[in-house]
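[1] coordinates only, no sequence provided:
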């Protein structure tokens, strides 16, 4: 008999879990980041400015919840979580640049290049990416074989690379601006630009926990659906939200004629797809039984978030 | 009795060696780079455009000559050599951007952002850096323990990072433009922006070869002196050279009032320092005996190069 989809933690529990993990991740980031007065100060200040700008730490939370479901090494998964957030922050800084999305605000604050200038913003992004790889190479956890640390790095490189990852998504996002685009292009942009790092957050955590291939496949499928759902909801919030709620310019995507699901399929159909993806993601985790509670709860939270 | 400084390969031999290694590295780079028609094409085209623009492959040659002197794994050191060149190329693309040095030409060709636009240039640089880490994580060589692969990544991350590496050097270079600067700042910029990656080219190759700590220290000292010498000669060529020989705008540094040795100490004294560094570098390798021939020859070649 197929096991039913696991029931998830309720919304209040998820919110409290996310706050808890956010505090853990922020404390760890504080300890691994060079102090703001590290020479040359301006770039370290810029790295910290974007890193500690109130991010929700969704990717770290997914990695940590995966590691908890699989009973993985706590120290190693926390360090992985930090590396994921450094990579995410690097991608945001570069994405906001005038040569890319040209955004002046992010999370209610001036973007990195508005505050520090373009040169320092580019270099701060590069510094964060470099530090992420250093954290991965120096990952603690006696139970984690070195071969697995290397696999984690390989997986992440693919997830953020030019061919199948984040950079590829940013490229297509950039060249699609102001053009008409196919559903295939929209799907590529979303699956690379947002999906790949979310998938990697879950998959690399599962790797660290030495999960068998079959479990990693199911978790990867879960994460790909959650990632796509996350991006669709993000697009919907951009259409439906207001600047004050989001802390950034809303309806920006429409002005740029960017590749989004609401633009392509309409708002109602996008909502339907997001809901379906959340249910499908949940079903992938049936093999985990009650250990899937928080991952299921996070998927539901992501599909219904309002900010 | 202290061994005398090893005698080096002569200039013709070094040139022929560099051409040979350049061909080996180019062939390997061709095989590890995604083809230019990899989707999304424009970023892969841009990555290849800068990577195959006729670079001298100095860093790969230093890594390969080190590995040969220490009888290291050929496959592993060739893959390391490629990763070093990817990182070097990423740093050049970003350094040429309007927000940084704002260079229109590099090696006689339009710079990446002039040809592909700033957004794609930034992303091509990011793609090269990411691919470099992937090559390091997937490094072949059965004789190389995984723990050593991780140490190589850590060492490189420090060498190209914001605090003590390449990014830090670029930051200080950027903020020093148009200001007066101290000898200490010039030294920091040079040792980080050029020196750290040259040091890492030799040190990571020595790590791969499982060289003992004492040998790695001597090789690191050799490489730091060669790196500084390389940069001083680069600055001197900028003062003395012409655009046609260099393939880029000459006297650019003086116009920008940038931190250089000739600006600080004068041309003659800079020549003297470069020569002294070359001799000191050579002496560090006495422990290698005749196996140091090519490394000694490369140091002499770098100190006397005219392009």
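    Arrived safely. None of the values given here were measured: they were computed from a predicted structure.

[2] where's residue A:184 relative to residue A:238, distance?
    21 Å (C-beta to C-beta, to the nearest Å). C-beta: built from backbone N, CA, C; applies to glycine.

[3] the more surrounded of those two?
    residue A:238 (20 against 8; other C-beta atoms under 10 Å in any protein chain shown).

[4] in the stretch 151-300 of chain A, which spans are helices?
    In the stretch 151-300 of chain A, helices defined by DSSP state H, counting those that start in this stretch lie at A:166-176, A:183-190, A:196-208, A:213-240, A:243-246, A:252-255, A:261-265, A:267-284, A:293-304, listed in chain order.

[5] okay, angle between the fourth one and helix A:196-208 too, please.
    Calculated by axes from the mean of the first three to the mean of the last three C-alpha atoms, to 10 degrees, helix A:213-240 forms an angle of 150 degrees with helix A:196-208.

[6] one step back: rebuild the helices of the stretch 151-300 of chain A as a markdown table, extending it with mean pLDDT and distance to chain B.
    Formatted as a markdown table, the helices of the stretch 151-300 of chain A follow (pLDDT from 0 to 100; distance: least, C-beta to the nearest C-beta, whole Å):
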| stretch | mean pLDDT | distance to chain B |
| --- | --- | --- |
| helix A:166-176 | 92 | 4 |
| helix A:183-190 | 84 | 8 |
| helix A:196-208 | 97 | 12 |
| helix A:213-240 | 93 | 18 |
| helix A:243-246 | 47 | 23 |
| helix A:252-255 | 49 | 16 |
| helix A:261-265 | 83 | 19 |
| helix A:267-284 | 94 | 24 |
| helix A:293-304 | 94 | 26 |
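
[7] switch those over to CSV; also include distance to residue B:166.
    CSV is the format used below for these (distance: least, C-beta to C-beta, whole Å):
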stretch, distance to residue B:166
helix A:166-176, 19
helix A:183-190, 31
helix A:196-208, 24
helix A:213-240, 32
helix A:243-246, 36
helix A:252-255, 34
helix A:261-265, 39
helix A:267-284, 40
helix A:293-304, 37
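
[8] can you tell me the helix or strand for the nearest residue to residue A:84 once chain neighbours are set aside?
    Leaving out its chain neighbours, the residue that sits closest to residue A:84 by C-beta to C-beta, 6 or more residues apart in numbering or on different chains is residue A:59, at 4.4 Å. Per DSSP states H and E, residue A:59 falls inside helix A:58-69.

[9] follow-up on the earlier one: so how far is chain B from the residue nearest to residue A:84?
    For residue A:59, the distance to chain B equals 17 Å [C-beta to the nearest C-beta, to the nearest Å].

[10] tell me the contacts of that residue?
    Contact analysis of residue A:59 by C-beta atoms under 8 Å, 6 or more residues apart in numbering or on different chains lists A:81, A:84-85, A:88, A:197-198, A:201.

[11] buried members of those into PyMOL, please.
    To isolate the buried ones among the contacts of residue A:59 in PyMOL, judged by 16 or more other C-beta atoms under 10 Å in any protein chain shown, type:
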select buried, chain A and resi 81+84+85+88+197+198+201
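
[12] identify, from the contacts of residue A:59, the entry nearest to residue B:164.
    The shortest approach to residue B:164 among these belongs to residue A:85, at 22.4 Å (C-beta to C-beta).

[13] can I assume the closest one is in contact with residue A:22?
    No: using C-beta atoms under 8 Å, residue A:85 is not in contact with residue A:22, being 10.0 Å away.

[14] any residues in contact with both of those two?
    With C-beta under 8 Å, 6+ apart as the test, residue A:85 and residue A:22 both reach A:57, A:60.

[15] burial of residue A:102, as a residue count?
    Count around residue A:102 with other C-beta under 10 Å applied: 14.

[16] and it, backbone torsions?
    phi 50, psi 60 (degrees, to the nearest 10).

[17] gap between the residue nearest to it when sequence neighbours are not counted and chain B?
    Using C-beta to C-beta, 6+ apart and skipping residues adjacent in sequence, the residue nearest residue A:102 is residue A:96, 7.6 Å away. In this view, residue A:96 and chain B are 12 Å apart by C-beta to the nearest C-beta.
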